[in-house]
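**Student:** Coordinates only, no sequence provided:
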């Protein structure tokens, strides 16, 4: 037992199985632990339960009246006056009607005149009465605070207030959420208190009542769901009180008002009915600094039933308004055809798009009855002039269906533009459009220049810096590529090198564009990833060429034929593999080349999903494609990198002197650096360190910082690649420089990728059907004596062992002694004798089947000098 309350052990309410979504998706509400659930049946129990200093859930049973004293009696307006100050205090003589009189200058003049003439006024001492009237304006907020102490209920952080059944109601209660976080309010009738002492604003009918049904001040992660918000328990509209000489006193303020930087709020599946000023989201201009970058609201699935205005009114924030039903009765002509809007109209407007708000609309339905049922002029209002550098923006997003008015499609963009044109002080910088993307920024990405030149805000400064570094990376890359293109003497290797050298250029330019055109950031990132796959595959083919160059047969298979059985790299080091197997090289190639197929395929699917607004990169739900695409991509690149590591580990001896590790790091560091820094920026955004501003969402800022960092880094990587892939390895001073055109065309022709992929697929098909050439061991690549001693043919080419493909171009290729099959006829220059001298031999012996040296070769000794 805590504070006199006992935990509730009964059955929980039967609620729809909904969870918070939209901007309040991270809200969790109060605890449902057995010791943290309480039941409130009256105002005293509710106040006591809310005061508990820990996370909790409070169930409301029946109707709880806000004007109920602790003894159960109900307070009237006079009771609040009588409870103010001490017994006998002058403030207890306060009278609201006389307060209204005190605002009438004519009335005050009459009282003052009676006092000056020392005459009574309406039977009262005029002098005392005039003094009394002068005090009423100062007493009004004091007695108002007495009412607030009774009807106001502070809701602390980590609290859920939930109706136990459909009869649960908070009648005349002001729930105020001040500087709190993580609140749920569900399944309740919420009836706002009638303010006994409202303050007038303009004569006769504009009043500033004090109490909302729910009021948020600097509150975050709030979910209001499945409630009814209204002025009376019976849901009927309350007419204003009429006080002479014609004041129309509206004693009700908003039903759901939020200001002072409240953020991440979802208002869903509620009924808002028969009220004048329903939802105020964002205070006046004086609160701009506290609201900008916050005030993010999801208004979803609500029924606005005869709500006269503010459905909602929006300032300084981001608002997603989707799948709501707006029902109203309109008996007035369209406002666009009149000089002024009628002051006596019950229904005024639905949505107020005011200072610096960013509003997205989708899938909303309007039902309007009355004598002018098809009027769309009151869907929007725009009455506040908007700042040039912080314009409001309204966009209509295509949804699952077109928004309708009385079952007919309604042009909301046109309606908003009509309201804009009608505004007395037309906001020149207001933007109305069909939504371009999921973003809700207040600035249009295409408005980089205007008639005044460039506005050098942070975004444009960053774009200029990004562009400068992208240009530098481009120049360095062009120099590196140009050197190889003009010394293009080893095409099989340099073709791949040039492709790799393009990498900083591609990353820098794409990042620069994605920074500028931020709404297409996702699409640009897919382009970068595709080129990453090309670069990794090019590097694989390059090191295969390096390894092949160490073989006398100029094939990687020949070099691997010397290798023994090896252990696989970590984490599969328990298994061993034999690189001399025929399928080994094809497996290595395919492990990398598959990424060239899978990565573009994943990117194309991702682009399609993004265009359909179903990708959801920020979500890890199994319901969204992003999870599966990420998994496929992760497996694919892991296989590719493992294949590269395996091949490098096997052939590092052959690659000695070619800086293979440095070459690999130029690629891998770009991939890893860009990946992990994007992860860091996303984490900073998700933890609230990177915050949204009036221009950009947190996601935009994180993406922009990542793009800016990449363009700067690519300058460094371009220099690194210039060093790792030096032209000195290919410079041939004795040869003329080559045409750069051929090198560039070769680098952009990916036919070699296609040939390698096709060759691997064909091999594996042949292997699956058991063709002989796919089985067994590769031929040994041990050099014969002719190769070992540098024997050349008449054309000056190094002779190779028999049986290799290279011998086709060398008919005089040296045949090793084991090249002769058993029982095969010997060539005529072989005697078959173990050691025989022949006259034709010129004294040179023929031993163990070896042929004489060719006549152009002069026998030499160990010193390299001819024999005497």
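**Tutor:** Here it is on my side, so go on. No experiment lies behind these values; they were computed from the predicted model shown.

**Student:** Report the residue spans of the stretch 251-400 of the chain with pLDDT below the cut-off.
**Tutor:** By pLDDT under 70, the weakly predicted segments of the stretch 251-400 of the chain are 335-346, 383-390, 398-400.

**Student:** Would you map the helices across it?
**Tutor:** 288-291 (DSSP state H, counting those that start in this stretch).

**Student:** So which residues of it form strands?
**Tutor:** 256-259, 263-268, 271-273, 279-281, 296-300, 303-305, 313-314, 318-322, 325-329, 351-353, 358-362, 365-369, 380-381, 393-396 (DSSP state E, counting those that start in this stretch).

**Student:** so which of those gets nearest residue 227?
**Tutor:** strand 271-273 (7.6 Å; Cβ to Cβ). In this view, the C-beta of every residue, glycine as well, is placed from N, C-alpha and C.

**Student:** strands paired with the closest one, and their directions?
**Tutor:** Using DSSP bridges, strand 271-273 pairs in its sheet with strand 228-230 (parallel), strand 303-305 (parallel).

**Student:** residues making contact with the last one?
**Tutor:** It stands for strand 303-305. 270-274, 278, 311, 324-328, 350 (Cβ atoms under 8 Å, 6 or more residues apart in numbering).

**Student:** Please indicate which of the strands paired with strand 271-273 has the most neighbours on average?
**Tutor:** Highest mean neighbour count among the strands paired with strand 271-273 (mean count of other Cβ atoms under 10 Å): strand 228-230, with a mean of 26.

**Student:** Show me what the mean pLDDT comes to for that strand.
**Tutor:** Summarised as a single mean, pLDDT over strand 228-230 is 96.

**Student:** Report the next helix or strand after it in sequence order.
**Tutor:** As assigned by DSSP states H and E, the chain's next helix or strand after strand 228-230 is strand 241-243.

**Student:** all strands of the stretch 501-650 of the chain, in order?
**Tutor:** Remark: strands assigned in the stretch 501-650 of the chain by DSSP E, counting those that start in this stretch are 566-567, 576-577.

**Student:** Next, count neighbours for the nearest residue to residue 316 once chain neighbours are set aside.
**Tutor:** Once flanking residues are discounted, residue 316 sits nearest to residue 291: 3.7 Å by Cβ to Cβ, 6 or more residues apart in numbering. Residue 291 has 27 neighbouring residues, counting by other Cβ atoms under 10 Å.

**Student:** from now on call the first residue 12
**Tutor:** Got it, the first residue is 12 from now on, which makes the last one we talked about residue 302.

**Student:** Residue 302: what's it in contact with?
**Tutor:** Contact analysis of residue 302 by Cβ under 8 Å, 6+ apart lists 270-272, 293-294, 326-328.

**Student:** which one of these is nearest residue 514?
**Tutor:** Out of the contacts of residue 302, the member with the shortest distance to residue 514 (by Cβ to Cβ) is residue 328, at 41.2 Å.

**Student:** Is the closest residue to residue 311 other than its chain neighbours bridged to anything, and to what?
**Tutor:** Among residues not flanking residue 311 along the chain, residue 279 sits closest, at 4.6 Å (Cβ to Cβ, 6+ apart). For residue 279, the beta-bridge partners under DSSP bridges are residue 236, residue 311.

**Student:** rewinding a little: would you turn the strands of the stretch 262-411 of the chain into JSON lines with distance to residue 659?
**Tutor:** Listed next are the strands of the stretch 262-411 of the chain as JSON lines, based on distance: least, Cβ to Cβ, whole Å:
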{"stretch": "strand 267-270", "distance to residue 659": "59"}
{"stretch": "strand 274-279", "distance to residue 659": "49"}
{"stretch": "strand 282-284", "distance to residue 659": "66"}
{"stretch": "strand 290-292", "distance to residue 659": "59"}
{"stretch": "strand 307-311", "distance to residue 659": "49"}
{"stretch": "strand 314-316", "distance to residue 659": "65"}
{"stretch": "strand 324-325", "distance to residue 659": "58"}
{"stretch": "strand 329-333", "distance to residue 659": "49"}
{"stretch": "strand 336-340", "distance to residue 659": "64"}
{"stretch": "strand 362-364", "distance to residue 659": "60"}
{"stretch": "strand 369-373", "distance to residue 659": "50"}
{"stretch": "strand 376-380", "distance to residue 659": "62"}
{"stretch": "strand 391-392", "distance to residue 659": "64"}
{"stretch": "strand 404-407", "distance to residue 659": "51"}
